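Trainee: for reference, the sequence and a predicted model appear below.
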Amino acid sequence: MKGKRPSPPEESQELSTREARSGKVLGVQRYVLAISTVLVIVAFVIVYFAFT
């Protein structure tokens, strides 16, 4: 199979931006990342002062 290329589709499909993303953009991931990062930093500070 090495060197074989898949054949192009007979009909090309144009997707809109929303269809290509498969839904709407929520932006919730940004808040989850920020909150979890802050919590990890707080946990490290607590552990640091607990063992020093």
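Mentor: Nice, I can see it. Numbering: from 1, shown residues only.
Trainee: center of the chain, which residue is that?
Mentor: residue 29 (7.7 Å; C-alpha atoms, centre = their mean).
Trainee: sketch out the low-pLDDT regions of this protein for me.
Mentor: The model of the chain has pLDDT under 70 over residues 1-11, 23-25.
Trainee: show me where the protein has its helices.
Mentor: 17-21, 28-50 (DSSP state H).
Trainee: so residue 27 versus residue 44, what's the distance?
Mentor: Counting by C-beta to C-beta, to the nearest Å, the gap from residue 27 to residue 44 is 27 Å. Bear in mind the C-beta positions are built from the backbone N, C-alpha and C, glycine included.
Trainee: can you check residue 52 too?
Mentor: From residue 52 to residue 44 the distance is 12 Å (C-beta to C-beta).
Trainee: and the two? which has more neighbours close in?
Mentor: Per other C-beta atoms under 10 Å, whichever of residue 52 and residue 44 has more neighbours is residue 44, with 10 against 5.
Trainee: from residue 15, how far out is the more buried one?
Mentor: Residue 44 sits 44 Å away from residue 15, going by C-beta to C-beta.
Trainee: ok, now residue 27?
Mentor: Taken as C-beta to C-beta, the span from residue 27 to residue 15 is 22 Å.
Trainee: likewise residue 47?
Mentor: With distances defined as C-beta to C-beta, the gap from residue 47 to residue 15 amounts to 48 Å.
Trainee: please apply the same query to residue 30.
Mentor: Separation of residue 30 from residue 15 (C-beta to C-beta) stands at 25 Å.
Trainee: and for residue 37?
Mentor: In terms of C-beta to C-beta, residue 37 sits 34 Å off from residue 15.
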